[in-house]
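J.: coords please:
(chains A and B)
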2 protein chains.
Amino acid sequence: MKKIPTIDDVLEARERLKDRSVLTPLIESPALNMLAGARVLVKAECLQRTGSFKFRGAWNCISRLSGESAKGGVVAYSSGNHAQGVAAAAQIMKLPALIVMPSDTPQIKQANTRSYGAEVVTYDRATDDREAIASRIAGERQAVIVPPFEHPEIIAGQGTLGLEAIEQGAERQITFDAVLIPAGGGGLTAGNALAFSARSPATKIHTVEPEGFDDHARSLKSGKRERNSQTTGSICDALLSPMPGELTFSINQPRLAPGLVVSEAEVKRAMIFAFENLKLVIEPGGAVGLAAILARKIPTEGRNIAVIASGGNVDPRLFADILSGR
Amino acid sequence: MKKIPTIDDVLEARERLKDRSVLTPLIESPALNMLAGARVLVKAECLQRTGSFKFRGAWNCISRLSGESAKGGVVAYSSGNHAQGVAAAAQIMKLPALIVMPSDTPQIKQANTRSYGAEVVTYDRATDDREAIASRIAGERQAVIVPPFEHPEIIAGQGTLGLEAIEQGAERQITFDAVLIPAGGGGLTAGNALAFSARSPATKIHTVEPEGFDDHARSLKSGKRERNSQTTGSICDALLSPMPGELTFSINQPRLAPGLVVSEAEVKRAMIFAFENLKLVIEPGGAVGLAAILARKIPTEGRNIAVIASGGNVDPRLFADILSGR
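T.: I've put the predicted structure just below:
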């Protein structure tokens, strides 16, 4: 079992990320407040470097490497956002990066990953074992694997988002009653669980997942890690991990409230709402928290709720189709 | 001639807008910096209350009214963004609002204006005189007219955006070499000209306009107010004023560098760039500044440039078409 990160690791990560990551705004919309009968504050992490929160964890991990310790650079497997985070962090560190990506990942994510100078190798999400592919390549290259969530430095890096949100809330005299976090492997959730449980213990922490990929909701209910029956078939490409991580779940389980689940139609409505009212481009997987608010998956009336909009890397064609109601 | 506002009016407006307007973020994108060979900072005013800067001026004006001084509420004429700003400000002040809007204004702007409780009357942009219609209605109702730009309080309110941008730049040790401002009637430009000339006098102030509606560029060149030959026929619906205002031009003329002009294709490219790289929804008229950077209308290499993305109220259908390359 890996080292379990603590709030101190999150605080250290914040120092490391200073001047590297964007202090993304916490956005409040009168229209959204009115709809929810609550104060809803959206942490617009789609405005982060590389378009998602993944740069935080990637930089916290990769900035510790040296040419000595990572002769062959870094290798990662990712549906796309972690890929971009790793590629951008490696580029800054002048380390070569190779990313193993599913072949059905959005084009924008593949193109962006290459634009940061990384090499991309694709695999079939339904049949291939991405960890095995990455492991083989890393061995051949003497490269360091940067996993998407099962890693203390990755988790601590993602937790910096929660620290910021708590402080940005406090600046407005807000203590959050709840925070809604999109969950795939549970790394963002684990980092934020560390931050909120230490610095805002009254805040209820909810994962939000798409229907059919509700492994966290079921695992939290049963008390053990449950697997999804499929790994493809949702527009929420960022949230299709097969099951909660061992490390992430050990952090999340004692700290989380029940998990929430939203439908694809609810996700699309949330993306349109964000377009019309927040003027933000949020990708499907990043919009599940907002979807949960709009579809009233938890009581909102009179509460203060933080919603993490975790990324904005969506293909123009899919976005156009969703806006057009297709 | 109306009272000419000064930097003191802008500072006073800022106090008045505190806790009412959003302190919109100044966004920096590594991708944009790399493309421009410059530090480009985008003031994301599309994230402002009502989706554009217009709430600033409207609130600065309308918050001074009382039931006594504005028995019949307020009346405004507007292509859509000022309409929403006025409607939202009047709603907060519990004053009735009636807005005279062109019939071809984006549906989202009409719907949003009504959603703030305002009554909407439409007119034909090509043939009707909107000021005459507004004037008649205001007379009948004993209402106060809130003009879109020819008003010292409106201009001072819009200038608060510039104050914020200057301070947000200073927090990052940046003094701007230039600021690019979308120009219709010149109210946003005039407010910002007051702010920058007082607080950042080294910054070159450029208006940006769509081709065919370059009244500011031509007026600045000739030294007198020049009229556009048409008032319809651009996707930049927010920037189609017939000519610079008398008051706004008297402020702008001595303070401005030459005006910049962009094509419709350049505007669309900028909107797509903002979608892909900034994750911001920017309306056509709000994207002209970014378009000017991407199309290299001024030298950027090695400079620090502020770009005002003045609004994000664009119909989903048009946005989808632009994303799809139509």
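J.: going forward, measure contacts and count neighbours with C-alpha atoms only.
T.: OK.
J.: For the closest residue to A:P244 other than its chain neighbours, give me its contacts.
T.: Closest residue to A:P244 in three dimensions, ignoring its sequence neighbours and counting by CA to CA, 6 or more residues apart in numbering or on different chains: A:G185, at 4.9 Å. Residues counted as contacts of A:G185 (CA atoms under 8 Å, 6 or more residues apart in numbering or on different chains) are A:P148, A:F149, A:L239, A:L240, A:S241, A:P242, A:M243, A:P244, A:G245, A:T248.
J.: And for A:G169?
T.: For A:G169, the contact set (CA under 8 Å, 6+ apart) comprises A:L26, A:T175, A:F176.
J.: tell me which element it is part of?
T.: Assigned by DSSP states H and E, A:G169 belongs to helix A:152-171.
J.: okay, stretch A:249-261 in CSV with CA atoms only?
T.: Extracted C-alpha coordinates of stretch A:249-261, given in CSV (Å, rounded to 0.1, in the frame of the first residue of the first chain):
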residue,chain,number,x,y,z
PHE,A,249,-11.0,4.9,-1.7
SER,A,250,-9.1,4.5,1.6
ILE,A,251,-9.1,8.3,1.8
ASN,A,252,-12.6,8.9,0.5
GLN,A,253,-14.6,6.2,2.3
PRO,A,254,-14.4,7.7,5.9
ARG,A,255,-14.9,11.2,4.7
LEU,A,256,-17.7,11.1,2.1
ALA,A,257,-21.5,11.6,2.1
PRO,A,258,-23.5,9.4,-0.3
GLY,A,259,-22.6,9.6,-3.9
LEU,A,260,-24.9,11.3,-6.5
VAL,A,261,-25.7,10.0,-10.0
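J.: quick one on the thing from earlier: max pairwise distance over the contacts of A:G185: which two?
T.: Greatest spatial distance in those: A:L240 and A:T248, 15.4 Å, computed using CA to CA.
J.: hang on, the earlier thing: between the contacts of A:G185, which sits nearest chain B?
T.: Nearest to chain B among these, counting by CA to the nearest CA, is A:L239 at 19.2 Å.
J.: Now the closest one: phi and psi?
T.: For A:L239, the backbone dihedrals (degrees, to the nearest 10) come out as phi -120, psi 30.
J.: pLDDT weak spots in the stretch 201-326 of chain A?
T.: Along the stretch 201-326 of chain A, no part satisfies pLDDT under 70.
J.: can you tell me the helix or strand for the residue in chain A positioned nearest to chain B?
T.: Going by CA to the nearest CA, chain B is nearest to A:A320 of chain A, at 4.2 Å. Secondary structure from DSSP H and E places A:A320 in helix A:316-323.
J.: Please apply the same query to A:D19.
T.: Per DSSP H and E: A:D19 is located in neither a helix nor a strand.
J.: separation between it and A:I145?
T.: For A:D19, the distance to A:I145 equals 25 Å [CA to CA, to the nearest Å].
J.: more neighbours, those two?
T.: Taking neighbours as other CA atoms under 10 Å in any protein chain shown, A:D19 and A:I145 compare with A:I145 leading, 22 against 10.
J.: so what pLDDT did the closest residue to that one other than its chain neighbours get?
T.: Distance criterion CA to CA, 6+ apart; nearest residue to A:I145, sequence neighbours excluded, is A:V75 at 4.8 Å. Per-residue confidence at A:V75 stands at 97 (pLDDT).
J.: And for the one 5 residues further on?
T.: The predicted local distance difference test score for A:G80 is 88.
J.: wait, what's in contact with it?
T.: By CA under 8 Å, 6+ apart, the contact list for A:G80 reads A:M101, A:T105, A:P106, A:K109, A:Q110, A:T113, A:A238.
J.: A:A265 sits in which helix or strand?
T.: According to DSSP H and E, A:A265 maps onto helix A:264-273.
J.: got the contact list for A:G37?
T.: The contact partners of A:G37, taken as CA under 8 Å, 6+ apart, are A:T300, A:E301, A:G302, A:R303.
J.: And for the second one, the neighbour number?
T.: Put plainly, it is A:E301. Per other CA under 10 Å, the neighbour tally for A:E301 reads 14.
J.: what's near enough to touch it?
T.: Going by CA under 8 Å, 6+ apart, A:E301 touches A:A36, A:G37, A:A38.
J.: State the distance from it to B:A76.
T.: Noted for A:E301: a distance of 35 Å to B:A76, by CA to CA.
J.: What pairs with the helix or strand that contains A:I27, parallel or antiparallel?
T.: Here A:I27, judged by DSSP H and E, is contained in strand A:26-28. Under the criterion DSSP bridges, strand A:26-28 sits next to strand A:39-44 (antiparallel) in its sheet.
J.: next structured bit after the strand it pairs with?
T.: Next helix or strand after strand A:39-44 toward the C-terminus (DSSP H and E): helix A:54-62.
J.: Tell me which residues are up against that next one.
T.: A:13, A:16-17, A:21, A:48-49, A:81-82, A:84-86, A:88-90, A:93, A:146, A:153-158, A:160.
J.: mind running it again at 6 Å?
T.: With contacts defined as CA atoms under 6 Å, 6 or more residues apart in numbering or on different chains, helix A:54-62 is touched by A:A13, A:H82, A:G85, A:V86, A:A89, A:E153, A:I154, A:G157, A:Q158.
J.: Just to check, the last one is in contact with A:G191?
T.: Yes: in terms of CA atoms under 6 Å, A:Q158 counts as a neighbour of A:G191; the distance is 5.2 Å.
J.: Between these two, which has more neighbouring residues?
T.: Taking other CA under 10 Å, A:Q158 and A:G191 do not tie; A:G191 has more neighbours (32 against 29).
J.: Measure how buried A:R227 is and give me the count.
T.: A:R227 is flanked by 17 other residues according to other CA under 10 Å.
J.: That one - nearest residue in space that isn't next to it in sequence?
T.: Nearest residue to A:R227 in three dimensions, chain neighbours excluded: A:M243, at 4.7 Å (CA to CA, 6+ apart).
J.: three-state assignment of that neighbour?
T.: coil (DSSP: H, G, I helix; E, B strand; the rest coil).
J.: Next: A:A76.
T.: Going by three-state DSSP: A:A76 is strand.
J.: who touches it in this structure?
T.: Contacts of A:A76 by CA under 6 Å, 6+ apart are A:I99, A:I145, A:V146.
J.: follow-up on the earlier one: wait, which of the contacts of A:G185 is closest to A:V288?
T.: Checking the contacts of A:G185 one by one against A:V288 (CA to CA), the nearest turns out to be A:L239, at 9.8 Å.
J.: Tally up the residues packed near the residue lying closest to the closest one once chain neighbours are set aside, please.
T.: Closest residue to A:L239 apart from its sequence neighbours, by CA to CA, 6+ apart: A:G184 at 4.0 Å. Residues near A:G184, counting by other CA under 10 Å, number 29.
J.: pretty sure A:G184 belongs to a helix, no?
T.: No: applying three-state DSSP, one finds A:G184 to be coil, outside a helix.
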